[in-house]
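Chemist: Sequence unavailable; structure follows:
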């Protein structure tokens, strides 16, 4: 059987991962039939038994042999089980089928409890079982392309690992794959002379049919607009952090926000509360928490408490890992937005990310105050600037923490560079944190641009009234925040809280 070697192949990469299956002739009953190599089977294992009738929609000419009959009794007698036909279906065909047919297909493939699975999970299990029957692995990962045109599917940490899956150059070209795509498909194990697993068949790209994924727009061509749909954080009357953010610095879909915080002011806990509010009230949001240079115990705490993707590179890892993880995460988010998904990234912190780029990139010969290379500021600005609401449907929200009052001139330079780039700012006050008043939010310095697009008219008037009443408490922001938190704790919701203020004025 002739094979055409792929150009631009990595050393140790699989040699049979072309996007189009190689065709060979299989002789059966004096007839010649063309079949893909990844779906062939050994003629010596054929039986003369007629296989059971396939469920509706099965294609016999693309089937795979599988075990059947009473497997336990045959195993005790030392007999090989008879082969049955396994369908070769893609994600588009499965998603078009009604649920009853999917359950019948799953039963034929011995999927456990198919009736109790939601349809997306049912489709995934069918594809997984189909790959297993064909002697392959069903796997997926985030695509990382290299300069030669091929790529690798990375694991959860988005950094190179021993279990990465090789994606050939021809597959990348045929399906229009891009950096950050989450690709799932059939994977085979490496052979003796190979180093990597090989992707045999692309089943889905970001949960879509590969043919549909080729027609999606590019992120750079999407039209950015102001955030006009609020992400409600309030989920529990006792979580005052979520409630005060909803009133004084509302977060919209597509927001670009900074949490400006001195050390030990509770920024990480505030970020966690924001994550809980987003996941509880907005189940359609794809939530990603990106921790750069964080403590390992903080990473574990986030992974256990947040319902979403937690991507981390701890402070004891090389700065190259910090930058690689951040770039993979933002590309992943961009690809989701291209598909019309609303994505939220919570970054802790953009200061440490800029410091990592300052060490990782080659020096330009120019230096800003504090030893900051101006070239090192561009990649984190590109990261932060990706946040936007788009007219075409998707949105990317980024809320990043920024350190101040650390005693480092470099940190001050980083803050000054990012200060005017966001459209939402949430400031934490060291004085409140020292008094153990949490959340330590300076309500006068915290605000959102064009908040009128996020609030309805009545809520907007009440919030402005609240700000005027807080300003009459005193000049110190700490006193006003304490009074607001005290009054807020006596009500069950923000709506009730605003109504009590309105009744007092009347």
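Modeler: Cool, got the structure. These numbers come from a predicted model, not from an experiment.
Chemist: rest of the way, CA atoms for contacts and neighbours
Modeler: Noted.
Chemist: contacts for the longest helix along the chain?
Modeler: The residue-count maximum for a helix in the chain (DSSP state H) belongs to helix 319-338. Residues outside helix 319-338 that contact it (C-alpha atoms under 8 Å, 6 or more residues apart in numbering) are 142, 144, 157-159, 178-182, 206, 216-219, 290, 292-293, 311-313, 342-343, 353, 356-357, 359-360, 383, 386, 394-396.
Chemist: Where does the prediction get shaky in this protein?
Modeler: Regions of the chain meeting the criterion pLDDT under 70 cover residues 1-96, 124, 130-136, 474-477, 505-506.
Chemist: Could you chop it up by domain?
Modeler: Domain assignment for the chain by the TED database gives 91-216, 224-454.
Chemist: Just put those in TSV and tack on mean neighbour count and distance to residue 480.
Modeler: TSV is the format used below for those (neighbours: other C-alpha atoms under 10 Å; distance: least, C-alpha to C-alpha, whole Å):
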stretch	mean neighbour count	distance to residue 480
domain 91-216	19	43
domain 224-454	19	8
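Chemist: where exactly do the strands run in the stretch 401-506 of the chain?
Modeler: Ranges of strands within the stretch 401-506 of the chain are 424-427, 447-448, based on DSSP state E, counting those that start in this stretch.
Chemist: Tabulate the ones you listed in TSV, adding columns for distance to residue 464.
Modeler: What follows is the strands of the stretch 401-506 of the chain, written out as TSV (distance: least, C-alpha to C-alpha, whole Å):
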stretch	distance to residue 464
strand 424-427	17
strand 447-448	11
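Chemist: so which of the ones you listed comes closest to residue 497?
Modeler: Proximity to residue 497, assessed across the strands of the stretch 401-506 of the chain by C-alpha to C-alpha, is greatest for strand 447-448 (19.1 Å).
Chemist: Partner strands of that closest one and their direction?
Modeler: The sheet places strand 447-448 alongside strand 424-427 (antiparallel), with pairing taken from DSSP bridges.
Chemist: contacts for the strand it pairs with?
Modeler: The list of residues contacting strand 424-427 from outside it, by C-alpha under 8 Å, 6+ apart, reads 249, 251, 255-261, 441-443, 445-449.
Chemist: List the residues that contact the residue lying closest to residue 317 once chain neighbours are set aside.
Modeler: Ranked by C-alpha to C-alpha, 6 or more residues apart in numbering and with sequence neighbours excluded, the top spatial neighbour of residue 317 is residue 293, at 7.9 Å. Shown in contact with residue 293 (C-alpha under 8 Å, 6+ apart): 312, 313, 314, 315, 316, 317, 322, 349, 352, 353.
Chemist: So what sits opposite the first one in the bridge?
Modeler: This means residue 312. Listed beta-bridge partners, residue 312: residue 291 (assigned using DSSP bridges).
Chemist: Surely it and residue 159 touch.
Modeler: No: under the contact definition of C-alpha atoms under 8 Å, residue 312 does not touch residue 159, with a separation of 10.4 Å.
Chemist: neighbouring contacts of stretch 497-506?
Modeler: So stretch 497-506 is in contact with 462, 463, 465, 466, 487, 488, 491, going by C-alpha under 8 Å, 6+ apart.
Chemist: who's in contact with the second one?
Modeler: Listed by C-alpha under 8 Å, 6+ apart, the contact set of residue 463 reads 247, 248, 498.
Chemist: Tell me the spacing between residue 344 and residue 405.
Modeler: The spacing between residue 344 and residue 405, counted by C-alpha to C-alpha, to the nearest Å, is 27 Å.
Chemist: Let me fix that, I meant to ask about residue 247.
Modeler: As defined by C-alpha to C-alpha, residue 247 lies at a distance of 26 Å from residue 405.
Chemist: now whichever helix or strand residue 397 is part of and helix 319-338, what's the angle there?
Modeler: With the criterion set as DSSP states H and E, the secondary-structure element containing residue 397 is strand 395-403. For the pair strand 395-403 and helix 319-338, the angle between their directions (axes from the mean of the first three to the mean of the last three C-alpha atoms, to 10 degrees) equals 150 degrees.
Chemist: tell me what strand 395-403 is packed against?
Modeler: strand 256-261, helix 319-338, strand 342-348, helix 350-360, strand 388-390, helix 409-418 (3 or more C-alpha pairs under 8 Å, 6 or more residues apart in numbering; DSSP states H and E).
Chemist: quick one: the second one to strand 342-348, angle?
Modeler: What that stands for is helix 319-338. Note on geometry: by the same axes, to 10 degrees, helix 319-338 and strand 342-348 are set 160 degrees apart in direction.
Chemist: quick one on the thing from earlier: select from the contacts of stretch 497-506 every entry located in helices.
Modeler: Secondary structure from DSSP H places 462, 463, 465, 466, 487, 488 of the contacts of stretch 497-506 in helices.
Chemist: Okay, the spatially closest residue to the last one that is not a sequence neighbour and residue 466: tell me how far apart.
Modeler: Right, the one you point to is residue 488. Spatial nearest neighbour of residue 488, chain neighbours left out: residue 497 (6.2 Å); criterion: C-alpha to C-alpha, 6+ apart. When distance is defined by C-alpha to C-alpha, residue 497 is 10 Å away from residue 466.
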